[in-house]
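>>> Give me coordinates for this.
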Amino acid sequence: VRRKAAEKKWLRMHQIHSFPLHIFRLAGIYGPYRNVLEAIKRGEPPPKRIDKPGQVFSRIHVADTVQTLMASMNKPNPGSIYNVCDDEAVPP
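Below you'll find the model as predicted:
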């Protein structure tokens, strides 16, 4: 609910002031240095595991996230919203 409200406010700013806005909704990011062992090495608490029956998650590799951002910068489309994730949601 809060994210949706924030998106609406940013989109309104884009509409009023022609602010070059792009919204990226990212799935869980994985890749180098993005795992529990690395978090522990950095002194961070490990992420909490969410395990609910029937629940699935989408993920995105950090390199694919960068590729998406670069593609957007190369062909900007202000006011666009992108759902950035893989195409195969899986259980935790």
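>>> Helix or strand with the lowest mean pLDDT in this structure?
In the chain, no helix or strand scores lower on mean pLDDT, DSSP states H and E than helix 36-41, which sits at a mean of 84.
>>> now what about that helix, what contacts it?
Pro45, Pro46, Pro47 (Cβ atoms under 8 Å, 6 or more residues apart in numbering). (Each C-beta comes from the backbone N, C-alpha and C, glycine too.)
>>> give me the number of residues near the residue nearest to the first one when sequence neighbours are not counted?
Meaning Pro45. Of all residues not flanking Pro45 in the chain, Ala39 sits nearest, at 7.3 Å (Cβ to Cβ, 6 or more residues apart in numbering). Using other Cβ atoms under 10 Å, Ala39 has 14 other residues around it.
>>> Torsion angles phi and psi at the most centrally placed residue in the chain?
With distances taken as Cα atoms, centre = their mean, the residue of the chain nearest its centroid is Leu26 (1.3 Å). Main-chain dihedrals, Leu26, degrees, to the nearest 10: phi -90, psi 140.
>>> ok, it to Lys52 distance?
21 Å (Cβ to Cβ, to the nearest Å).
>>> mind listing what's buried in stretch 44-60?
Residues of stretch 44-60 classed as buried: Arg59, Ile60 (neighbour count, 16 or more other Cβ atoms under 10 Å).
>>> Understood, closing this out.
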